[in-house]
Each structure stands twice: as C-alpha cells, then as structure tokens.
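**Student:** coords please:
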Amino acid sequence: MKWNCILERVVETGSTNHDLLVRWRAGELIDPISRLAQNQTAGKGRNGRLWKTQANDSLCFSLAYPFEKEIQHLSGLSLICGLAVLTGISKALGISKKNLYERGLRLKWPNDLLLNHLKLGGILIEGGKLSNSTNQIEPSWMIIGVGLNLHVNTEIEKIIGHRLASLDHLISPSEKLPAADSIWLHILDSFYDYLSTMNRSGFQSFKEEWNQWDAYSACQVDIREGNSSNDKVFISGVNCGVNQEGALILSMPNTNETKLIYAGDVSLRPSI
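**Tutor:** Purely as a prediction, here's the structure:
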C-alpha cells in the first residue's frame, strides 16, 4: 500500500457499505478506511437491489474516502471509480490495460464493469455530509462499494436469471487468480491515484479515458427507469459518450439535438 488507508478484513458481515455508513453517521471517520468481507449476507447494488455473493466467488469491499469538494462537485465519481477498478485489475493480474481491452473488458455508464457484455462487477456510492454539521470545512465522506465476480457461481446465475462474467475469464485455464486480498490492495492503490486527482481537478481530466472504455460507444441505447427489460423506456438515443461532468450524452434520433442524462438511478441498455 502506498497511502495511508486503514484496512479491515472480516469473514462475514451484512454489508461493508452499511458498516462504514454507520461509522460516518456517528462521526467516527477520521482517515480513509477500507473494509473487505469474505462473505456479505445483505450486500446491495443501486436502488437497494440485492447484490448476491457467495464466499470465495466474489471480492466485496468498501472504501470510505474524504473529499474536500462539496457533493455537487463530485459528479462523475462513479465513472472514475470504474477506471480505478479496471486499472487495479490490470496491476493485480499483470495484464496490460490494452490487453484487457482486447479481451473485452469495458465500462458501462454509470457504474458497471462488463466483460464481453456480461456483468463482471458493480460500484455503489453513498455518503455525503452530515445534515446536522455546521462545520464548513468538514470533508464530504463518500462510501464506495465494489463488488467483483472472481469466479462464476451457477447457482447465483439461476437466481438472478442471466449469465455473469468473472475475473478468472481473463486468464488462461492453466493460470490461477491472485488471492482476493492481493487484488483488493492493487485496486486500493489505484483508487489513491484516481481519487487524489478527482479531489484536485474533478472529472474533466478523465473524460477521454472513460470514453475509450465505454461499452456502448456510438450505439443506440435505451435509458430505462429500472433494471429490467420490461421496465419503461425513459429515453432513447445514440450514445455519444460523457461530458466533462460525467453526464451521458445522447443524440436524439431524426434531430440535431442532444440530451444530457445525469441521473444515476436509470439503467442503460442497448436498443433491440
């Protein structure tokens, strides 16, 4: 580890995000802290959806990080976190990012990692400033939860109803994945690099890098109000990447107009 981050490792907990949120709300956070659980019994994704895991098949951890910026100036944070995770994966597996790209690793707006269009992992960000705080210089504490599939569990695939990708798909059958702790530490070191820059200059310096990893660049996409193919389509258009604030740019069909999508509670899916 190349930075001052407290590390905690537990065999089991409900949710690492929840654990750190409780400490933040109690005013107990001082230094950055990361908490890893071998098994989460109540892990969650966006919109409170259950993130199902199985011990030894997933890497689940959270990072509590203090930002000097106000919440409104942290737009694009989930995109930066995606870049940090894939950079950490590159270092942990000893595979160049160019090679990972060639093997199908991509990012999906606003907070998913995909491998050949199957979900490899997700990011959930919570936190902010305490509502009862009058301290103007109090940092904005963001709790960044990361879930990555190390190995595909067919039982979980049956439960959720679709196929998944896993990190072991990035290596040959004769190779062995590094230990989960090693992958965790490499990702944390990448978080230090990306979040430090975010703290200084915001998302704009990462815009081009994120657009290069966009899974649905130049594709016709639907933005849905939920996470199911049956959910109502909110808006459709051609994905033109993200702007300097991390908002998704959609080109409207049959017009010269573009629309910006900022909301993080919608689901982006390619149009059929």
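**Student:** from E257, how far off is the nearest residue in space to L36 that is not next to it in sequence?
**Tutor:** Nearest residue to L36, sequence neighbours excluded (CB to CB, 6 or more residues apart in numbering): F61, at 3.9 Å. From N, CA and C alone the C-beta is placed, and that goes for glycine too. Per CB to CB, to the nearest Å, F61 is found 41 Å from E257.
**Student:** out of those two, which sits in the more crowded spot?
**Tutor:** F61 (25 against 10; other CB atoms under 10 Å).
**Student:** what's the following helix or strand after the lowest-mean-pLDDT helix or strand in the chain?
**Tutor:** Least confident element among the helices and strands of the chain, by mean pLDDT, DSSP states H and E: helix 154-160 (a mean of 74). Using DSSP states H and E, the next helix or strand after helix 154-160 towards the C-terminus is helix 180-201.
**Student:** just to revisit the earlier point, now do the residue nearest to L36, the pLDDT please.
**Tutor:** You'll see F61 listed with a pLDDT of 97.
**Student:** isn't it right next to R35, touching?
**Tutor:** Yes - in terms of CB atoms under 8 Å, F61 counts as a neighbour of R35; the distance is 6.3 Å.
**Student:** please enumerate the shared neighbours of these two.
**Tutor:** In terms of CB atoms under 8 Å, 6 or more residues apart in numbering, F61 and R35 are both contacted by the residues T16.
**Student:** tell me where the stretch 1-150 of the chain is predicted with low confidence.
**Tutor:** Segments of the stretch 1-150 of the chain classed as low confidence (criterion: pLDDT under 70) are 43-55, 131-136.
**Student:** what sits against the residue nearest to L36?
**Tutor:** Shown in contact with F61 (CB under 8 Å, 6+ apart): T16, S34, R35, L36, A37, G145, V146, W184.
**Student:** what's the helix or strand for it?
**Tutor:** In the assignment (DSSP H and E), F61 maps to strand 58-67.
**Student:** quick one: that strand to helix 180-201, angle?
**Tutor:** Orientation of strand 58-67 against helix 180-201 (axes from the mean of the first three to the mean of the last three CA atoms, to 10 degrees) gives an angle of 30 degrees.
**Student:** direction included, what does strand 58-67 pair up with?
**Tutor:** Sheet pairing for strand 58-67, assigned by DSSP bridges, gives strand 33-40 (antiparallel), strand 140-149 (antiparallel).
**Student:** out of the ones you listed, deepest packed?
**Tutor:** Neighbour counts (mean count of other CB atoms under 10 Å) averaged over each of the strands paired with strand 58-67 peak at strand 140-149, with a mean of 24.
**Student:** output it as PDB, nothing but the C-alphas.
**Tutor:** Provided in PDB are the C-alpha atoms of strand 140-149 (Å, rounded to 0.1, in the frame of the first residue of the first chain):
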ATOM      1  CA  SER A 140     -17.600  15.100   2.100                       C
ATOM      2  CA  TRP A 141     -17.200  11.400   3.000                       C
ATOM      3  CA  MET A 142     -18.100   9.100   0.200                       C
ATOM      4  CA  ILE A 143     -18.500   5.300   0.800                       C
ATOM      5  CA  ILE A 144     -17.500   3.500  -2.300                       C
ATOM      6  CA  GLY A 145     -18.700  -0.100  -2.500                       C
ATOM      7  CA  VAL A 146     -17.100  -2.500  -5.000                       C
ATOM      8  CA  GLY A 147     -18.300  -6.000  -6.000                       C
ATOM      9  CA  LEU A 148     -16.400  -8.100  -8.400                       C
ATOM     10  CA  ASN A 149     -17.000 -11.700  -9.500                       C
END
